[in-house]
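Enquirer: I would like to see how this sequence folds:
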Amino acid sequence: MGLHIGIVGGGFVGRVHVEALLAHPDVDRISIADHDPVALETIARNYPTQRAVSDHAALLDDPSPVSYTHLTLPTTDVGGRSRWGA
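Expert: Model (predicted):
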């Protein structure tokens, strides 16, 4: 069984991570979370086999456990000022 990678942040950097992970032979599944519906729609349109959710908690509640999580949030969302909550 391969890796299930979670990505929090579906903007440019998140999409770069998805591209790289899709090419990795040990990655079976990628799930991504972003509050921005446009970012989620872009991910779903370009990577239809990937799971896209609007809440990072839903990403972690996936029935298929996430092996690793990549945080690809803008730096303005880090350090206690995150729109993602505590």
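
Enquirer: Pull out the buried residues from the lowest-mean-pLDDT helix or strand in the chain.
Expert: Within the chain, no helix or strand scores below helix 56-60, which has a mean of 85 by mean pLDDT, DSSP states H and E. In terms of neighbour count (16 or more other Cβ atoms under 10 Å), helix 56-60 has its buried residues at 56, 59. C-beta: built from backbone N, CA, C; applies to glycine.

Enquirer: For whatever helix or strand comes next after that helix, which strands pair with it and how are they oriented?
Expert: Following helix 56-60 in sequence order, the next helix or strand is strand 68-71 (DSSP states H and E). When sheet partners are counted by DSSP bridges, strand 68-71 sits next to strand 3-8 (parallel).

Enquirer: Next, the angle from the following helix or strand past the partner strand to strand 3-8.
Expert: Counting by DSSP H and E, the next helix or strand C-terminal to strand 3-8 is helix 12-22. Helix 12-22 and strand 3-8 are oriented at 170 degrees to each other (axes from the mean of the first three to the mean of the last three Cα atoms, to 10 degrees).

Enquirer: Export only the CA atoms of helix 12-22, formatted as PDB.
Expert: Only the C-alpha atoms of helix 12-22 are listed here, as PDB (Å, rounded to 0.1, in the frame of the first residue of the first chain):
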ATOM      1  CA  PHE A  12       0.300  27.800  -6.700                       C
ATOM      2  CA  VAL A  13       2.700  26.100  -4.300                       C
ATOM      3  CA  GLY A  14       0.100  23.400  -3.400                       C
ATOM      4  CA  ARG A  15      -0.300  22.700  -7.100                       C
ATOM      5  CA  VAL A  16       3.400  22.400  -7.500                       C
ATOM      6  CA  HIS A  17       3.500  19.800  -4.700                       C
ATOM      7  CA  VAL A  18       0.600  17.900  -6.300                       C
ATOM      8  CA  GLU A  19       2.500  17.700  -9.600                       C
ATOM      9  CA  ALA A  20       5.700  16.400  -7.900                       C
ATOM     10  CA  LEU A  21       3.800  13.900  -5.800                       C
ATOM     11  CA  LEU A  22       1.900  12.500  -8.800                       C
END
